[in-house]
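In: My questions concern the predicted model and sequence given below.
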Amino acid sequence: MPPRPSLDLLDHVHELNRLFLAFLRSAARERRDCLGLPQQAERALLKASPELLEMLAQFPHALFRLTLDDQPAAGRLIDPLRGGTDGAHYSLSLMILQSARALSRQSTYQARLLMGLSSRAMQRLRGMPLSDLPALARKADLVLCAFPERDWLWMELLRETRPEVRQQLTLIALQPWLEQEWPRRRFAQLSP
């Protein structure tokens, strides 16, 4: 039986989720790129109460994803020296990247479970010297929203507060193949 996630590591993912949500909310307010968050979810994020955002930050999986598996050679780069939006985006990306590197070196199981990292991404992170992280963090598309093919999941996460439904959402997020077994219409039936 695989080990349970360490509470320290889970708390760390919750902190990263809080930072990610704060960045997304700021970007949505200023009508900037929300890193793949569906437009409907952007509006829901702006309306969400602090309590709901905290509940969302406590989700037991990263609300972001690292696109290390298919990084193109070229692409838009963030200029951290410009400050403002670019500086915040760069800081967030670097912090997530450093955390993912440390977690992948500590426990491949927990890196896969908590951050959704693939074997290939973990191998790349484990072999990467710290000195390479700042350049990689400049890639604008390095950190994106998790669950890119499931816009509906973001909407449910941003509005649903009932514990039993949140547990179902967690199962679907941690085991994406459940969506086919447990279709989203089930959530429509549970919603008020």
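Out: Nice, I can see it.

In: Show me what the mean pLDDT comes to for stretch 95-112.
Out: Per-region confidence: stretch 95-112 scores 94 on mean pLDDT.

In: What of stretch 116-135?
Out: For stretch 116-135, the per-residue pLDDT averages 93.

In: got the end-to-end distance for stretch 105-118?
Out: Stretch 105-118 has an end-to-end distance of 13 Å (Cα to Cα, to the nearest Å).

In: Which residues are in contact with the residue nearest in space to the middle of the chain?
Out: With distances taken as Cα atoms, centre = their mean, the chain has Phe64 as the residue nearest its mean C-alpha position (1.4 Å). Listed by Cβ atoms under 8 Å, 6 or more residues apart in numbering, the contact partners of Phe64 are Leu16, Asn17, Phe20, Leu35, Ile96, Val143, Leu144, Cys145, Ala146. Bear in mind the C-beta positions are built from the backbone N, C-alpha and C, glycine included.

In: So which bits of the strand or helix carrying the third one are buried?
Out: Per DSSP states H and E, Phe20 falls inside helix 7-29. The neighbour-count criterion (16 or more other Cβ atoms under 10 Å) identifies 9-10, 13-14, 16-21, 23-25, 27-28 as the buried residues of helix 7-29.

In: could you say what helices and strands it packs with?
Out: Other elements packing on helix 7-29 under the criterion 3 or more Cβ pairs under 8 Å, 6 or more residues apart in numbering; DSSP states H and E are helix 39-47, helix 50-57, strand 64-66, helix 84-106, helix 108-115.
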